[in-house]
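[1] Just the structure for this:
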Amino acid sequence: MDADDFSAVLSEVRRFVRERVVPLEAEIDETDEMPADIREAARKMGLFGFALPEEYGGLGLSMYEEARLMFELGYTTPSLRSMFGTNNGIAGHVLMVGGTEEQKARWLPRIASGDVLASFALTEPEAGSDPSTLTTRAHREGDDWVINGAKRYITNAPLADVFMVFARTDPDAPRTRGISTFLVPAGTPGLTVAPKDHKMGQFGAWTADVFFDDVRVPADALVGGEEQGLNRGFGTAMGCIAHGRVHISALMVGMAERLVDESVAYASTRRQSGKLIGSFQLVQGLIADSQTDYYAGRATVLEAARRFDSGEDTKIGPSCTKYFASEMVWRVADRAVQIHGGAGYMRGVAVERFYRDARLFRIYEGTSQVQQVIIAKALLGEAARG
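    Presented below is the predicted three-dimensional model:
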């Protein structure tokens, strides 16, 4: 995107986040729902398709530009980003990476516009950070595929118009092979979405289990078609998740910036023993550590995004930045609560809410421990296997 146009986008999003969404954070947390006018405003701003190609109606941002946009979106409740994150990220990228031209032309313009909400159905009760163990199956019957299985913690499932469903199509193949991806519209007979989950945090972002009981879809629902897509879903998923790890890391950096701002504001106004607590050196140390963490996280994400765009590093970098950023924002959130003292433990205080929201980042898009394994194995090669 032209630099001036991109600057205008960033400015518009910053105003939207800080003037319209931030004042609604407590309401969103309390009601567990994103207001309809915020959803519509995000749609009109093109936020449902910022990472999708311009030819399909998206903004076509690079990973570097996307990261800078996510810094702005991360300044408020993560449920805002979650509303359109799957369209731009793991769900939309399934079609970008693995879809046929016909599938892209049919679905991507509607996903980019926000007319269709896409959901990424990979995780299962016994296949989370290691999706290669998934047990959902699809078998061919005539001109159709029949899908059976269950998915867990699927973002936007209660609202989704279409699901990108990963299922095992060759049960005899090695774990990372024999998996394919299917486009399954909501309302297809046999597809059931459970009631939304009641989570620790990130209220307003809905997840739910999804069940497939003899769900029948036509042959052209196989992402990539039989020639390019059959039994190649695992590679598609990993490519989408690598992009998602950089994307979500940038969100965490935005949250860390907000937490630093909240900490500084509180320490600059709260008095104890007749003095501003910002004058206490131990409080200053907490703030200095958090600012340093934020600064390092921002630099790490931008470098990972740059190398992702160039193709230099699409594996270790995304895992490194996701690992660092998720642990970083948790430290910053913990310090923010500490700086606020008893007030930081009270509902209705921003840092208490962000503390609950931040905890999930060390789990989804691959746990911190899985990122450690990915990084180490990539560096050690055969030595990691003993």
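[2] All the strands of the stretch 101-250 of the chain, in order from the start?
    118-121, 137-141, 144-155, 162-168, 179-185, 191-193, 207-218 (DSSP state E, counting those that start in this stretch).
[3] Ala376 is nearest to which of those strands?
    Ranking the strands of the stretch 101-250 of the chain by their distance to Ala376 (criterion: C-beta to C-beta) puts strand 179-185 first, at 24.5 Å. Every residue, glycine included, has its C-beta placed from N, CA and C.
[4] buried set for that closest one?
    Within strand 179-185, the residues that count as buried by 16 or more other C-beta atoms under 10 Å are 179-184.
[5] same question, stretch 110-124
    110-114, 116-124.
[6] Same question for stretch 159-170.
    Buried-residue list, stretch 159-170, by 16+ other C-beta under 10 Å: 159-169.
[7] what does stretch 301-312 give?
    For stretch 301-312, burial by neighbour count (16+ other C-beta under 10 Å) applies to 301-309.
[8] For that stretch, give me every contacting residue.
    Contact with stretch 301-312 is made by 62-64, 66-68, 242-243, 246, 249-250, 253, 313-314, 317-318, 320-321, 325, as judged by C-beta atoms under 8 Å, 6 or more residues apart in numbering.
[9] For Glu141, which residues are in contact?
    Taking C-beta under 8 Å, 6+ apart, one finds Arg216 in contact with Glu141.
[10] now it, which residues is it bridged with?
    Note on Glu141: beta-bridge partners by DSSP bridges are Asp144.
[11] quick one on the thing from earlier: just give me the closest of the buried residues of stretch 110-124 to Gly235.
    Of the buried residues of stretch 110-124, the one sitting nearest to Gly235 (C-beta to C-beta) turns out to be Leu122, at 12.9 Å.
[12] How about the closest one: what's its closest non-neighbour residue?
    Phe166 (4.8 Å; C-beta to C-beta, 6 or more residues apart in numbering).
[13] show me where the stretch 201-350 of the chain has helices.
    Secondary structure of the stretch 201-350 of the chain (DSSP state H, counting those that start in this stretch): helices located at 225-229, 233-267, 281-310, 316-340, 350-359.
[14] Which of these sits closest to Ala26?
    Ranked by C-beta to C-beta, the member of these that lies closest to Ala26 is helix 350-359, at 7.7 Å.
[15] from the middle of its chain, how far away would that closest one be?
    17 Å (C-alpha atoms, centre = their mean, to the nearest Å).
[16] Between helix 233-267 and that helix, find me the angle.
    160 degrees (axes from the mean of the first three to the mean of the last three C-alpha atoms, to 10 degrees).
[17] pLDDT averaged over helix 350-359 - what is it?
    If you average the pLDDT over helix 350-359, you get 98.
[18] What are the contacting residues of it?
    In contact with helix 350-359 (C-beta under 8 Å, 6+ apart) are residues 25-26, 29, 77-78, 200-202, 252, 255, 258-259, 262-263, 329-330, 332-334, 336-337, 339-340, 344-347.
[19] Just after it, pick out the following helix or strand.
    Later in the chain than helix 350-359, the nearest helix or strand by DSSP states H and E is helix 368-380.
[20] Centre-most residue in the protein?
    Ranked by distance to the mean C-alpha position of the chain (C-alpha atoms, centre = their mean), the top residue is Ile248 at 5.0 Å.
[21] From the contact counts, what lies against the strand or helix carrying Ala42?
    Element membership of Ala42, judged by DSSP H and E, is helix 36-44. Applying 3 or more C-beta pairs under 8 Å, 6 or more residues apart in numbering; DSSP states H and E, we find helix 36-44 packed against helix 78-88.
[22] quick one: the helix it packs on to strand 162-168, angle?
    Going by the same axes, to 10 degrees, helix 78-88 makes 70 degrees with strand 162-168.
[23] can you list contacts of helix 78-88?
    Counting by C-beta under 8 Å, 6+ apart, 17, 21, 28, 34, 38-39, 42, 47-52, 58, 66, 70, 73-74, 92, 111-112, 114, 116-120, 155-156, 202-205, 247-248, 251, 255, 357 sit against helix 78-88.
[24] Then stretch 33-52?
    9, 12-13, 16, 20-21, 24, 27-28, 56-61, 66, 69, 73, 79-80, 83-84, 87-89, 92-93, 96, 108, 111-114, 204, 243, 247.
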